[in-house]
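Build me a model from this:
(one chain, ligands or ions: 1)
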Amino acid sequence: MSTSSDSSNPDRTIFEKIIAREIPAEILHEDDDCIAFKDVSPQAPTHFLVVPKRVIVSVKESCDDDAAVMGHLLCVARRVAEQEGLKDGFRVVANSGPDGGQSVDHLHLHVLGGRKLTWPPG
Ligand code: 5GP
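Next up is the predicted model:
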């Protein structure tokens, strides 16, 4: 399910407030459809988030009409990872729903790199 951002809506996500510049963040990329910024609690030497401006709650709640923007998020993840010097690789994660460990209900890709990451996750 997708919703549109409305600054009068008190239930806006923290990421909508970052997009509106109401909350500061270290922004690495912005275009008409998405924004990328450093995670406030990095889990690797490089950890940034790629977030669509139009709210999609999660991968689980997305629909086929969201395919173009979801593909765009991956392209931006690759471009910003390159910009950040992650030449030896990186991990892209999209936590979805309670079992997936999602804490912010606004779809986002985590991009982690700068060290050898282990598998499987916890
Ligand atoms: P999730 O748990 O939903 O997959 O990921 C949410 C991520 O958002 C977490 O890694 C968390 O550190 C990050 N985060 C939460 N609040 C803020 C914030 O105000 N600023 C930034 N830059 N990141 C945030």
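
Just checking: what are the partner strands of the lengthiest strand in the chain?
Longest strand in the chain, counting residues (DSSP state E): strand 46-52. In the sheet, strand 46-52 lines up against strand 34-38 (antiparallel), strand 109-113 (antiparallel) (DSSP bridges).

which residues are contacting the first one?
Outside strand 34-38, the residues that touch it by C-beta atoms under 8 Å, 6 or more residues apart in numbering are 15, 18-19, 25-30, 47-53, 69, 72-73, 76-77, 80, 111. C-beta coordinates here come from the backbone N, C-alpha and C atoms, glycine included.

how about the helices in this structure?
Per DSSP state H, the chain carries helices over the ranges 14-19, 67-83, 97-100.

Same list (these) but as JSON lines, adding mean neighbour count, mean pLDDT and distance to Lys60.
Converted to JSON lines, the helices of the chain look like this (neighbours: other C-beta atoms under 10 Å; pLDDT from 0 to 100; distance: least, C-beta to C-beta, whole Å):
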{"stretch": "helix 14-19", "mean neighbour count": "19", "mean pLDDT": "98", "distance to Lys60": "17"}
{"stretch": "helix 67-83", "mean neighbour count": "16", "mean pLDDT": "98", "distance to Lys60": "12"}
{"stretch": "helix 97-100", "mean neighbour count": "10", "mean pLDDT": "97", "distance to Lys60": "5"}
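
closest one to Val57 among those helices?
Comparing those against Val57 with C-beta to C-beta, the closest turns out to be helix 97-100 (9.2 Å).

what comes into contact with the closest one?
58, 60, 94.

quick one: the second one from Gly100, how far?
Separation of Lys60 from Gly100 (C-beta to C-beta, to the nearest Å) stands at 8 Å.

and what of Pro121?
Pro121 is 10 Å from Gly100, where distance means C-beta to C-beta.

okay, Gln43: pLDDT?
Per-residue pLDDT puts Gln43 at 97.

give me every residue that touches it.
110, 112.

about what we covered before: any residues in contact with both of Pro121 and Gly100?
The overlap between the contact sets of Pro121 and Gly100 (C-beta under 8 Å, 6+ apart) is empty.
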